[in-house]
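**Student:** What would the 3D arrangement of this be:
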Amino acid sequence: MKVTFISNYINHHQIPFCEAFYERLGPDFTFIQTEPMEEERIRMGWAVDVKTCPYVRLFYEEEEACRRLIEECDLLLAGWMEDASLITGRLGSGRPAIRISERIYREGQWKAVSPRGLLAKWKEHIRYRKKPVYLLCAGAYVASDFALIGAYPGKRFRFGYFPQTRIYTGEEADKDSGRGAEAAGNRGSGAGTGAAFSGSPLALKAQEGPVRLLWAGRLMPLKHPEYVIRLAADLRRRGYDFHISLIGNGEMEEELRRRIGQEGLEDAVDMYGFQPPGKVREYMEKSHIYLFTSNHLEGWGAVVNEAMNSGCAVVGSAQAGAVPTLIRHRENGMIYHHGRYEEFRDAVCYLMDHGEERRRMGQQAYETIRGEWNAQNAVKRCLDFYQRWERGESGGPQEGPFSPAPVIWPE
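**Tutor:** Predicted coordinates for the structure are as follows:
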């Protein structure tokens, strides 16, 4: 079986998914990169040395060979690309293809009534209603965007992004995360209970001392990092023992530093600026609560996967694509309605007050990523999907990747 995945460029969030495909298919799997990565993304640490990825081909250097891979593969996976005409012939061929998309009406579903926009959507999506072209919804609200225009009826499935999954099992865990077993033995054993959590990232979290909270991302309005400073002031007034780490840089950095000073929070909130992805994961491993405050402009939010994989109890905004997909409220995290700061604060205070519930949610979050929302499982389900299509069978999973995507309307 030959699978070709085409998208604008490969990044560190796609690497685990591609590696899982390559492990199963070897040279029968190819990722086609259609354009070089932007400088801004490179500065953020997203760059990938494609020379180390034997499955990557560059369309702008090997156009003829890449066109053959698109047309001749058994299954085509297609992410976003500047020039969608590269796959038009394949999508209309009657051979199976799977689109992967974030929201198309992220700035407002009212845009679906635009005649010019509908014509563009017909050319790119709607005309394939009766073809074996399927949609993987990278976000909880993607299905509703496509339902508005009648695209991919009965062919929309849950999906997302799959950053590196770390399995915490003794020495293997430390090899996986780039540290030695000796270091693991010095990190404490219990996330506040004194009990050892075998095979759990909770064993990496401090047993005593303040509750550690973490926020990481670009410091920009859509991600609402100002909630973190407001929260810190409220937690201080309520007498909680806590410490917040704020990672990232961006246009709001000076304002946030000024507000920290005004509130006298220098001892409670540390700003660390930009950190590479591996370093952010280390902060997650040490944190008990992860704060995710993005609004509807956040298509997915891979830091939610990473924080859950690190055993954090996540408090996340319902408007961001990853949150309703990955989090079950009060089971493996907490969800609040975006714009309702008091609801956000109260969710955090609940986790501060209920240590056992916080640990339980962190453990369940880890199990969600380890057992279901990971690259290996996504690839397995993708190949299973193709085999069912080949046999003319229906069915499939009812939860997790490749399960039917419900139509959830944004707030």
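
**Student:** From here on, just use CA atoms for contacts and neighbour counts.
**Tutor:** Will do.

**Student:** where's Y161 relative to L136, distance?
**Tutor:** For Y161, the distance to L136 equals 11 Å [Cα to Cα, to the nearest Å].

**Student:** Of these two, give the one with the bigger neighbour count.
**Tutor:** More neighbours surround L136 than the other of Y161 and L136, with 26 against 21 (other Cα atoms under 10 Å).

**Student:** Assumed the more buried one was part of a strand.
**Tutor:** Yes. Per DSSP: H, G, I helix; E, B strand; the rest coil, L136 lies within a strand segment.

**Student:** List the contacts of it.
**Tutor:** Contacts for L136 (Cα atoms under 8 Å, 6 or more residues apart in numbering) come out as 98-101, 156-160, 402.

**Student:** could the residues you listed go into CSV alongside secondary structure, pLDDT and neighbour count?
**Tutor:** Shown next, in CSV, are these (DSSP: H, G, I helix; E, B strand; the rest coil; pLDDT from 0 to 100; neighbours: other Cα atoms under 10 Å):
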residue, secondary structure, pLDDT, neighbour count
I98, strand, 98, 21
R99, strand, 98, 20
I100, strand, 98, 21
S101, strand, 97, 20
R156, strand, 98, 27
F157, strand, 98, 23
R158, strand, 98, 23
F159, strand, 98, 26
G160, coil, 97, 29
F402, coil, 98, 25
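
**Student:** any chance of those in TSV, with distance to A206 too?
**Tutor:** Converted to TSV, the contacts of L136 look like this (distance: Cα to Cα, whole Å):
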residue	distance to A206
I98	44
R99	43
I100	39
S101	39
R156	42
F157	39
R158	35
F159	33
G160	31
F402	37
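
**Student:** Of those residues, which is the nearest to A78?
**Tutor:** A78 has its nearest neighbour among those in R99, at 4.8 Å by Cα to Cα.

**Student:** beta partners for the closest one?
**Tutor:** A78, L135 (DSSP bridges).

**Student:** from what I can see it touches A84, true?
**Tutor:** No. Between R99 and A84 there is no contact under Cα atoms under 8 Å: 11.0 Å.

**Student:** which intervals of this structure have sub-threshold pLDDT?
**Tutor:** Residues of the chain meeting the criterion pLDDT under 70: 38, 40-47, 170-199.

**Student:** which secondary structure element contains R370?
**Tutor:** R370 belongs to helix 355-371 when assigned by DSSP states H and E.

**Student:** okay, that helix in CSV with CA atoms only?
**Tutor:** This file holds the C-alpha atoms of helix 355-371, laid out as CSV (Å, rounded to 0.1, in the frame of the first residue of the first chain):
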residue,chain,number,x,y,z
GLY,A,355,-5.5,17.9,45.1
GLU,A,356,-6.7,14.4,44.6
GLU,A,357,-9.1,15.4,41.9
ARG,A,358,-6.3,17.4,40.2
ARG,A,359,-4.0,14.3,40.3
ARG,A,360,-6.8,12.1,39.0
MET,A,361,-7.5,14.4,36.1
GLY,A,362,-3.8,14.6,35.3
GLN,A,363,-3.6,10.8,35.3
GLN,A,364,-6.7,10.5,33.0
ALA,A,365,-5.3,13.2,30.7
TYR,A,366,-2.1,11.1,30.3
GLU,A,367,-4.1,8.0,29.6
THR,A,368,-6.1,9.8,27.0
ILE,A,369,-3.0,10.6,25.0
ARG,A,370,-1.2,7.4,25.6
GLY,A,371,-4.1,5.2,24.8
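
**Student:** what about it, distance to the chain center?
**Tutor:** 17 Å (Cα atoms, centre = their mean, to the nearest Å).

**Student:** same check, this time on stretch 293-311
**Tutor:** The chain centroid and the centroid of stretch 293-311 are separated by 5 Å under Cα atoms, centre = their mean.

**Student:** again, but for stretch 22-41
**Tutor:** 18 Å.

**Student:** can you pull the contacts of the residue positioned nearest the centre of the chain?
**Tutor:** For the chain, the residue nearest the mean C-alpha position is A302 (2.4 Å; Cα atoms, centre = their mean). Counting by Cα under 8 Å, 6+ apart, A302 makes contact with 13, 161-163, 322.

**Student:** circling back: nearest to E285, out of the contacts of L136: which one, please.
**Tutor:** G160 (22.2 Å).
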